[in-house]
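Engineer: Make a model of this:
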Amino acid sequence: MRTRAVLGSVFGSIAVLIIGWQAGAAALTSNQSALSTGLSTSGTTTGSSTTGSSASGTPSPAATPSSGSTTASPKSSTTSKSYTGQSVNTQFGSVQVRISVTGGKLTDVTPLHLTDFGGRSVQISNYAVPILRKEVLSAQSSHVNSVGGATYTSEAYLSSLQSALDTAGITS
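Structural biologist: Prediction:
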């Protein structure tokens, strides 16, 4: 049984690394195309601090996500704004999300941090977050059902999401 738990933890960690690596590669490609058009999406300056991602594609620990950053899309004149929800602590780690809003519509939900207390917690987060994201974008609201088997992650995700929606002024 111990071997199974260790292997589950290792595979969960590998999955997180692969997802982070893919996100980092996508961000790098996005940054390169933005730079070629004269726009920068590598970070948002707020006061004297800059937020961004580390080379691995995960949020850097020293970065403090900003609320209400504006990013112009090179393909359209529509402005997208990002809002960061509050970090919500659970017994399995903290959860924090950032939303993107375009034209008053919720267009994306990006987890900045998910529960990470042990391999099983990582597996649960990796299972639950895509389901939650799909439901939230479909409902345009944080009023969706929790994912079975991921109660703590779901509740923290939806709570962080609601604080971001409140900051954005989106009522649901």
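
Engineer: C-alpha from now on. contacts and neighbour counts both.
Structural biologist: Noted.

Engineer: how about the strands in the chain?
Structural biologist: Ranges of strands within the chain are 43-46, 49-52, 69-72, 79-84, 88-90, 93-102, 105-113, based on DSSP state E.

Engineer: Tell me which of those sits nearest to residue 164.
Structural biologist: Closest approach to residue 164 among the strands of the chain (CA to CA): strand 79-84, 5.3 Å.

Engineer: Take the strands of the chain and lay them out in CSV including distance to residue 145, mean neighbour count and mean pLDDT.
Structural biologist: Shown next, in CSV, are the strands of the chain (distance: least, CA to CA, whole Å; neighbours: other CA atoms under 10 Å; pLDDT from 0 to 100):
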stretch, distance to residue 145, mean neighbour count, mean pLDDT
strand 43-46, 33, 16, 35
strand 49-52, 31, 16, 36
strand 69-72, 29, 16, 46
strand 79-84, 21, 21, 95
strand 88-90, 18, 17, 97
strand 93-102, 17, 22, 97
strand 105-113, 16, 18, 96
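
Engineer: Format those strands as JSON lines; extra columns: distance to residue 170.
Structural biologist: As requested, these are exported to JSON lines (distance: least, CA to CA, whole Å):
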{"stretch": "strand 43-46", "distance to residue 170": "22"}
{"stretch": "strand 49-52", "distance to residue 170": "24"}
{"stretch": "strand 69-72", "distance to residue 170": "16"}
{"stretch": "strand 79-84", "distance to residue 170": "11"}
{"stretch": "strand 88-90", "distance to residue 170": "20"}
{"stretch": "strand 93-102", "distance to residue 170": "9"}
{"stretch": "strand 105-113", "distance to residue 170": "8"}
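
Engineer: wait, which of those is closest to residue 143?
Structural biologist: Closest to residue 143 of the strands of the chain is strand 105-113 (CA to CA; 13.5 Å).
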